[in-house]
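*Asks:* predicted model and sequence below, questions to follow.
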Amino acid sequence: MTTPEALPGQGERILVVDDEPDICALVAYHLAKAGFRVSTAGTGDEALKIVREHEPSLVVLDLMLPGLSGYEVLDRLRAEPNTRDVPVLMLTARREEEDRIRGLSLGADDYQTKPFSPQELVLRVAAILRRTRALHSASSGDVLTIGPLRIERAAHRVTLSDDEIDLTLTEYKLLLTLAERRGRVQSRTHLLQTVWDAAPDIQTRTVDMHVQRLRSKLGAAGALIETVRGFGYRLDVPASPSD
């Protein structure tokens, strides 16, 4: 197992948002020990101000905050062009499935419940940052490159190791939706709304069937589409060789 002292991405700024000073201090201590620069905030408004001014590499965000809730903070971050791509790890005592689904559907990159292992949280932060760096290095204009996959938006063309893959329009839209939000869990409901325009006669089982067919057509690369039990699907981002 990688130890916190050996984690990649040291020196990157992390914002920890929690209204419990003890939790903030605990998380900040372990992140700083791992080499990250850490800022803290106790309210949603303060968090938004810090994100806009200092552009952290990642936000550790509690759900239960005074004033703006963590959900509202996440929603506002994703709505603004300058902050919509900032990775967010939700840290909360709320363990209900519907809370996790809501957070992930709003665009959270990961979800950790309290009580938690500080060492595990640091590893989760490092994993998100690795995916984010791979994501940024893989994107180039209208072309998305994810591992062996190459998606040309303008041409609606998908190639796998230079071999073109024959996809239906729906399969292409499904893959593109997952690719554009790669590294983040997409709920079945969100995929229905985006790919199928939430037609009333379409059910979530349809998503599962199309994902299965898409995986089959992608061959070994189909393993990049991960099933997140109880939530939906996520297109994984392969780690770069230097990680």
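*Replies:* All right, it came through fine.
*Asks:* residue 12: neighbouring residues, count only.
*Replies:* Each residue near residue 12 was counted by other C-beta atoms under 10 Å, and the total is 19. C-betas here are computed from N, CA, C, even on glycine.
*Asks:* hang on, it packs against residue 39?
*Replies:* No. Residue 12 is beyond contact range of residue 39, at 11.6 Å (criterion: C-beta atoms under 8 Å).
*Asks:* quick one, strands of this structure?
*Replies:* With DSSP state E as the criterion, the chain has strands at 13-17, 37-41, 58-61, 88-92, 110-113, 139-140, 143-146, 149-152, 157-160, 163-164, 186-187, 225-228, 232-235.
*Asks:* mean pLDDT lowest for which of those?
*Replies:* Among the strands of the chain, strand 139-140 has the lowest mean pLDDT, at a mean of 50.
*Asks:* how about the contacts made by residue 95?
*Replies:* Shown in contact with residue 95 (C-beta atoms under 8 Å, 6 or more residues apart in numbering): residue 113.
*Asks:* and it, backbone torsions?
*Replies:* The phi and psi values for residue 95, taken as degrees, to the nearest 10, are phi -110, psi 0.
*Asks:* returning to what we had before: name the residues contacting each of residue 12 and residue 39.
*Replies:* Both residue 12 and residue 39 are in contact with residue 56, where contact means C-beta under 8 Å, 6+ apart.
*Asks:* returning to what we had before: can you put the strands of the chain in JSON lines and add distance to residue 52 and mean neighbour count?
*Replies:* Converted to JSON lines, these look like this (distance: least, C-beta to C-beta, whole Å; neighbours: other C-beta atoms under 10 Å):
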{"stretch": "strand 13-17", "distance to residue 52": "11", "mean neighbour count": "24"}
{"stretch": "strand 37-41", "distance to residue 52": "12", "mean neighbour count": "19"}
{"stretch": "strand 58-61", "distance to residue 52": "12", "mean neighbour count": "26"}
{"stretch": "strand 88-92", "distance to residue 52": "15", "mean neighbour count": "24"}
{"stretch": "strand 110-113", "distance to residue 52": "22", "mean neighbour count": "18"}
{"stretch": "strand 139-140", "distance to residue 52": "23", "mean neighbour count": "12"}
{"stretch": "strand 143-146", "distance to residue 52": "27", "mean neighbour count": "18"}
{"stretch": "strand 149-152", "distance to residue 52": "31", "mean neighbour count": "18"}
{"stretch": "strand 157-160", "distance to residue 52": "36", "mean neighbour count": "17"}
{"stretch": "strand 163-164", "distance to residue 52": "42", "mean neighbour count": "10"}
{"stretch": "strand 186-187", "distance to residue 52": "26", "mean neighbour count": "22"}
{"stretch": "strand 225-228", "distance to residue 52": "30", "mean neighbour count": "14"}
{"stretch": "strand 232-235", "distance to residue 52": "27", "mean neighbour count": "22"}
